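Participant: need a 3D model of the sequence below.
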Amino acid sequence: MGSVKDLEIVKPPEGDVPGIGRFHFSDRYSVFDWGEMPDLIPDKGASIALLSSYFFEKLENTGIKTHYLGLVEDNRSKPLFELQRPSTTMEIRLLRVLRPEFREGRYDYSCYEGQKGNFLIPLEIIYRNSIPEGSSILKRLGSGEVRPEDFGLKEMPVPGEELKEPILDVSTKLEITDRYISWEEARRIAGLSERELKEIKEITLSVNRMITDEFSRIGLKNEDGKIELGFDPERRLMLVDVLGTLDECRFTYKGIPVSKEIARIYYRNTPWYHAVEKAKEEDRMRWKELVKESPKPLPERLRALISMVYAACTNEITGREWFKDIPPVEEILREVKDVLSNKMPVA
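Facilitator: Down below sits the predicted model:
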């Protein structure tokens, strides 16, 4: 079980033959790599399934391959326009997942050597159009882990800075905690050629442009986001997992977060968050065992607002009222702003 969605294997992938799988999107949510949080956000699962399907179908129309086969209704996979009601189940082509072994304090990626295709690339590719406050890149730049020139920047960015050109970043995907790495390490551990690495970057920029354009239609700014890819049996790149949703991207409206960043902001002011951060510094592998307290549920009104944000964005981006009686996203976000700035009680 994943923290926010479950994978049903209908037909397992074998050798160079992809399988068939179904993502079952839940109303669970996760922040700070904790896994399942103590409460649910209503309609979140259906919102993500619909929004990601919308982008997969648009990307397929531009010639970018994806693992998407359709959303499931009446036990049949359908394109969005045939769907009669919101669905929480997406059917996908299933690739092999080759898991690196942890040996002597490091992960061994030799299982990727000599592989032709039909497997998940063990990387997450991140695009950044700006450097919002709270972005992990600020922490890494501040600690000296990376330098501005590593991203083509001439000087240290400041929180809230909009970038003239998007920058790309990469992290591991299958380790116990995602780890930012250099592009050279990414190429090496995944067994990629220089041409394939270049193509991955080009696809990421194309996805970024599409998501940015679509969300700008409803007045939202696409600050950053991530994608995942795999190779089909002929070793052609294909987009996998989900993308373009409020869980995979960080959107803002006039500085107000429009994603699960709302929940992150709330939890950053709790003792649980500080315990999580301290534990991660002490032991990157076993940090969760060191945290002695559990997160508390979100305040009821904040949880309802986050639910409406997901539903409103899905309605407005897809141009169809999947969720009834949802106020415009701008109206919801004004209340979110009041709540986050402590102008309104949330309990």
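
Participant: can I get the CA coordinates of the lengthiest helix in the chain in PDB?
Facilitator: Criterion DSSP state H: the longest helix present in the chain is helix 194-216. Output of helix 194-216 as PDB, limited to C-alpha atoms (Å, rounded to 0.1, in the frame of the first residue of the first chain):
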ATOM      1  CA  GLU A 194      23.800  11.100 -22.400                       C
ATOM      2  CA  ARG A 195      21.100  11.100 -25.100                       C
ATOM      3  CA  GLU A 196      18.500   9.600 -22.800                       C
ATOM      4  CA  LEU A 197      19.400  12.000 -20.000                       C
ATOM      5  CA  LYS A 198      18.900  14.900 -22.500                       C
ATOM      6  CA  GLU A 199      15.600  13.500 -23.600                       C
ATOM      7  CA  ILE A 200      14.400  13.200 -20.000                       C
ATOM      8  CA  LYS A 201      15.200  16.900 -19.400                       C
ATOM      9  CA  GLU A 202      13.300  17.900 -22.700                       C
ATOM     10  CA  ILE A 203      10.200  15.900 -21.700                       C
ATOM     11  CA  THR A 204      10.300  17.400 -18.200                       C
ATOM     12  CA  LEU A 205      10.400  20.900 -19.700                       C
ATOM     13  CA  SER A 206       7.500  20.100 -22.000                       C
ATOM     14  CA  VAL A 207       5.400  18.700 -19.100                       C
ATOM     15  CA  ASN A 208       6.200  21.900 -17.100                       C
ATOM     16  CA  ARG A 209       5.100  24.200 -20.000                       C
ATOM     17  CA  MET A 210       1.800  22.300 -20.400                       C
ATOM     18  CA  ILE A 211       1.000  22.300 -16.600                       C
ATOM     19  CA  THR A 212       2.100  26.000 -16.300                       C
ATOM     20  CA  ASP A 213      -0.100  27.100 -19.200                       C
ATOM     21  CA  GLU A 214      -3.100  25.100 -18.100                       C
ATOM     22  CA  PHE A 215      -3.100  26.400 -14.500                       C
ATOM     23  CA  SER A 216      -2.400  30.000 -15.600                       C
END
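
Participant: list the buried ones in it?
Facilitator: E196, L197, I200, I203, T204, V207, N208, M210, I211, T212, E214, F215 (16 or more other CB atoms under 10 Å). Every C-beta, even on glycine, is put in place using the N, C-alpha and C of the backbone.

Participant: for the fourth one, give me its contacts.
Facilitator: So the one you mean is I203. By CB atoms under 8 Å, 6 or more residues apart in numbering, the contact list for I203 reads I64, I227, L229, L237, L239.

Participant: any idea which of these has the most stuff around it?
Facilitator: Neighbour tally across the contacts of I203 (other CB atoms under 10 Å): the maximum, 25 neighbours, falls on L229.

Participant: send the alpha carbons of the helix or strand that one falls within over as PDB?
Facilitator: Using DSSP states H and E, L229 sits within strand 221-231. This file holds the C-alpha atoms of strand 221-231, laid out as PDB (Å, rounded to 0.1, in the frame of the first residue of the first chain):
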ATOM      1  CA  LYS A 221       1.200  29.900 -10.700                       C
ATOM      2  CA  ASN A 222       3.100  26.600 -11.200                       C
ATOM      3  CA  GLU A 223       6.000  27.000  -8.800                       C
ATOM      4  CA  ASP A 224       7.500  23.500  -9.100                       C
ATOM      5  CA  GLY A 225       6.700  19.900  -9.600                       C
ATOM      6  CA  LYS A 226       8.000  16.400 -10.300                       C
ATOM      7  CA  ILE A 227       7.600  13.600 -12.800                       C
ATOM      8  CA  GLU A 228       8.700  10.000 -13.100                       C
ATOM      9  CA  LEU A 229       9.600   8.000 -16.100                       C
ATOM     10  CA  GLY A 230      10.200   4.500 -17.300                       C
ATOM     11  CA  PHE A 231      11.300   2.600 -20.400                       C
END
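
Participant: what's the angle from that strand to helix 194-216?
Facilitator: Using axes from the mean of the first three to the mean of the last three CA atoms, to 10 degrees, the inter-axis angle of strand 221-231 relative to helix 194-216 is 140 degrees.

Participant: which element follows strand 221-231 toward the C-terminus?
Facilitator: Following strand 221-231 in sequence, per DSSP H and E, is strand 237-240.

Participant: from the chain's centroid, how far away is the helix or strand just after that following strand?
Facilitator: Per DSSP H and E, the first helix or strand lying C-terminal to strand 237-240 is strand 249-253. Distance of strand 249-253 from its chain centroid, counting by CA atoms, centre = their mean, to the nearest Å, is 12 Å.

Participant: what packs against strand 249-253?
Facilitator: Where contact means 3 or more CB pairs under 8 Å, 6 or more residues apart in numbering; DSSP states H and E, strand 249-253 is packed against strand 221-231, helix 329-340.

Participant: pLDDT of the longest one, averaged?
Facilitator: For helix 329-340, the mean per-residue pLDDT is 89.

Participant: again with stretch 133-144
Facilitator: Mean predicted lDDT for stretch 133-144 stands at 85.

Participant: got the contact list for it?
Facilitator: Contacts for stretch 133-144 (CB under 8 Å, 6+ apart): 128, 131, 146-148, 151, 156-157, 159-160, 169, 180, 223-224, 261, 264-265, 268.

Participant: ditto for stretch 302-312
Facilitator: With CB under 8 Å, 6+ apart, stretch 302-312 has contacts from 39, 41-44, 47-48, 246, 258-260, 262-263, 266, 297-298, 322-323, 326-329, 332-333, 335-336, 339, 346.
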